[in-house]
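Engineer: Turn this into a structure:
(one chain, ligands or ions: 1)
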Amino acid sequence: MERIMITGALGQIGSELVGKMRSIYGNDNVLATDIRQTADQSGPFEILDVTDAQRMHDLAKDFGADTMVHMAALLSATAEEKPLLAWNLNMGGLVNALEASRELGMQFFTPSSIGAFGPSTPKNNTPQDTLQRPTTMYGVNKVAGELLCDYYHTKFGVDTRGVRFPGLISNVAQPGGGTTDYAVDIYYKAIEQGSYTSYIAEGTYMDMMYMPDALQAIVDLMEADPAKLIHRNAFNVTAMSFEPEQIAASIRKHIPDFKMSYAVDPARQEIADSWPDSIDASAAKSEWGFKASYDLDAMTFDMLEKLKKKLQ
Ligand code: AKB
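Structural biologist: Presented below is the predicted three-dimensional model:
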């Protein structure tokens with residue numbers, strides 16, 4: 001990785017990944033792209049609608065990119081509300097990014113998700129290789145995307161790599177339209193209001209990870225020795241699994257009066273119920289040394305510290 005192009009650079013992951021990659025590879029070697037304009041960039045930035053294959057190809061070529069990191073996508077709850085848009089954007093953007101990578105010989109990364117699993121998948125310690133019959137449009141996109149990345153590797157020799165991210169928690173950019181977003185919002189509301197009303201029901205376990213671990217996982221996988229990669233795409237990665245009461249309890253260690261109530265959103269609850277309670281990341285650990293540094297309490301401490309400074 002020397003010249004990296006990132007799509008969806010203003011999204012939840014992209015807005016921190018750009019900074020991380022610029023700090024490692026140099027500001028001028030990371031091209032950030034997004035469909036929206038921003039005034040706030042420390043290096044090259046271009047407007048890009050990922051469904052525009054020609055512009056994606058031309059930007060990568062003009063920049064001399066050797067790596068494509070494709071992040072632009074609709075998340076699970078929005079994809080359920082706008083399934084056709086999700087199909088066109090998530091699959092159209094992905095195939096365009098893979099094609100540009102094939103044509104220009106770029107290494108390739110894109111994230112899959114725990115959303116690639118469904119109700120018939122084993123719910124606990126979900127294996128790396130298992131049943132994948134998701135019931136959401138987002139999940140359909142993710143499974144198809146995993147297969148498409150495998151195909152571009154075996155058929156065309158593109159160096160495709162990827163992980164299945166759990167819910168990602170960060171204090172920089174807020175997610176939008178995801179099912180796991182409550183686990184970010186709760187920290188903001190804990191500081192702003194001392195209380196939170198969860199749209200996810202008590203007792204609903206989902207895998208999660210703190211953003212610094214997610215960013216490090218992307219860099220580590222992209223830098224990994226290809227000879228050691230058996231899976232390449234869609235590695236299960238996770239740092240913790242919790243239900244809403246556990247995150248509330250973790251927050252109460254710092255804000256003792258924090259109050260939690262519930263107003264369950266049936267649409268997002270249905271999505272959450274179709275996902276695993278916990279996934280097994282042993283393939284990522286053994287094939288490229290994946291390791292998460294933050295557990296729930298370490299993440300809560302850091303989130304509250306950083307958000308207090310940001311919000312007060
Ligand atoms: C979502 O909730 O849609 C995402 C995901 C788990 O992929 N955070």
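Engineer: What sits closest to Asn27 if chain neighbours are left out?
Structural biologist: Gly43 (3.9 Å; CB to CB, 6 or more residues apart in numbering). Every C-beta, even on glycine, is put in place using the N, C-alpha and C of the backbone.
Engineer: so the one you found, which of the three states?
Structural biologist: Secondary structure state of Gly43, per DSSP: H, G, I helix; E, B strand; the rest coil, is coil.
Engineer: now swap in Lys155 and tell me
Structural biologist: helix.
Engineer: Run through the helices of this structure in chain order.
Structural biologist: Along the chain, counting by DSSP state H, helices occupy 14-25, 53-63, 76-81, 83-86, 92-104, 137-156, 182-192, 211-223, 244-252, 266-273, 282-288, 296-311.
Engineer: what would the ones you listed look like in CSV with distance to the ligand?
Structural biologist: Formatted as CSV, the helices of the chain follow (distance: least, CB to the nearest ligand atom, whole Å):
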stretch, distance to the ligand
helix 14-25, 14
helix 53-63, 23
helix 76-81, 3
helix 83-86, 11
helix 92-104, 14
helix 137-156, 6
helix 182-192, 9
helix 211-223, 11
helix 244-252, 14
helix 266-273, 8
helix 282-288, 16
helix 296-311, 15
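Engineer: Can you say which of those helices is nearest to Phe117?
Structural biologist: Phe117 lies closest, by CB to CB, to one member of the helices of the chain: helix 137-156, at 7.2 Å.
Engineer: Any idea which of the helices of the chain gets closest to Val172?
Structural biologist: helix 14-25 (5.2 Å).
Engineer: ok, what's across the strand from Val69?
Structural biologist: Ile6, Phe109 (DSSP bridges).
Engineer: wouldn't it be in contact with Val219 here?
Structural biologist: No: Val69 is beyond contact range of Val219, at 10.2 Å (criterion: CB atoms under 8 Å).
Engineer: Of these two, which one has the most company?
Structural biologist: For Val69 versus Val219, neighbours defined as other CB atoms under 10 Å are more numerous around Val69 (29 against 16).
Engineer: contacting residues around the more buried one?
Structural biologist: 4-7, 17, 21, 109-110, 218, 222 (CB atoms under 8 Å, 6 or more residues apart in numbering).
Engineer: Mind pulling up the pLDDT for it?
Structural biologist: Per-residue pLDDT puts Val69 at 98.
Engineer: With Lys228 instead?
Structural biologist: Per the predicted model, pLDDT is 94 at Lys228.
Engineer: Relative to the ligand, how far out is it?
Structural biologist: 26 Å (CB to the nearest ligand atom, to the nearest Å).
Engineer: Am I right that that residue is in contact with Trp288?
Structural biologist: Yes: in terms of CB under 8 Å, Lys228 counts as a neighbour of Trp288; the distance is 6.4 Å.
Engineer: between those two, which one's more packed in?
Structural biologist: Trp288 (22 against 10).
Engineer: Quick check: the more buried one touching Asp220?
Structural biologist: Yes: the pair Trp288 / Asp220 is scored as a contact, 6.0 Å apart, by CB under 8 Å.
Engineer: Next, show the common contact partners of those two.
Structural biologist: Joint contacts of Trp288 and Asp220 (CB under 8 Å, 6+ apart) do not exist.
Engineer: sorry, back to before: from the contacts of Val69, list just the buried residues.
Structural biologist: 4-7, 17, 21, 109-110, 218, 222 (16 or more other CB atoms under 10 Å).
Engineer: since we're on Lys309, how many residues are nearby?
Structural biologist: 9.
Engineer: Please determine how far it is located from Phe258.
Structural biologist: Applying CB to CB, to the nearest Å, the value for Lys309 to Phe258 is 19 Å.
Engineer: picking up where we left off before, hang on, the residue nearest to Asn27 packs against Thr33?
Structural biologist: No: Gly43 lies out of contact with Thr33 (CB under 8 Å); the separation is 11.6 Å.
Engineer: So between the two, which is more surrounded?
Structural biologist: Neighbour totals were compared for Gly43 and Thr33, and Thr33 leads with 26 against 15 (other CB under 10 Å).
Engineer: OK, contacts around the more buried one?
Structural biologist: So Thr33 contacts 5-9, 45-48, 59 (CB under 8 Å, 6+ apart).
Engineer: one more time with 7 Å, if that's ok
Structural biologist: 5-7, 9, 46, 48, 59 (CB atoms under 7 Å, 6 or more residues apart in numbering).
Engineer: just Ala214 next, same as before
Structural biologist: Shown in contact with Ala214 (CB under 7 Å, 6+ apart): 13, 165, 168.
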